[in-house]
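Chemist: need a structure here:
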Amino acid sequence: QVQLVESGGGLVQAGDSLRLSCAATGRTSSNWSIGWFRQAPGKEREFVAGISGNGRSTLFGDSVKGRFIILRDNVKGTVDLQMNTLKPEDTGLYYCAAANSPENSVVIHSTLHHSWGQGIQVTVSS
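Modeler: Sure thing, here's the model as predicted:
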């Protein structure tokens, strides 16, 4: 059984950067697509970014394209989300999740992810 643990959240000001990390422990697979999702109060969960099992393919939600970067280290078992030029609308609870997929594919639908972290809060003040 895999466990995903997010770290690195916090309170920052608009324009700042923040790096989230997702660490996978237990039974893991480099064939898993890893996604980052976020949920703001009163809103639906939103796809933020995803990376394929081999780390060669990435996808981003429209609201974060050009500002966020996703990186994967299969040796360490981590997937990081580098968030730059943060905006107040980036505020939310951020989750990482794993989905089965071909090694070069990114899964973006939340319902296809079988394992989820507990979530970590990111707050961006204006």
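
Chemist: pLDDT value on Ala23, please?
Modeler: You'll see Ala23 listed with a pLDDT of 95.

Chemist: please, which helix or strand holds it?
Modeler: Taking DSSP states H and E as the criterion, Ala23 maps to strand 18-26.

Chemist: contacts for that strand next, please.
Modeler: 1-10, 12, 34, 36, 76-83, 86, 94, 96, 98, 117, 120, 122 (Cβ atoms under 8 Å, 6 or more residues apart in numbering). Using the backbone N, CA and C atoms, a C-beta is placed for each residue, glycine as well.

Chemist: may I have the phi/psi pair for the residue nearest to the spatial centre of the chain?
Modeler: Compute the mean C-alpha point of the chain, and by Cα atoms, centre = their mean the closest residue is Trp36, 2.2 Å away. Dihedral pair for Trp36: phi -110, psi 130, per degrees, to the nearest 10.

Chemist: where's the residue nearest to it when sequence neighbours are not counted relative to Ser125, distance?
Modeler: Closest residue to Trp36 apart from its sequence neighbours, by Cβ to Cβ, 6 or more residues apart in numbering: Val48 at 4.4 Å. Val48 is 19 Å from Ser125, where distance means Cβ to Cβ, to the nearest Å.
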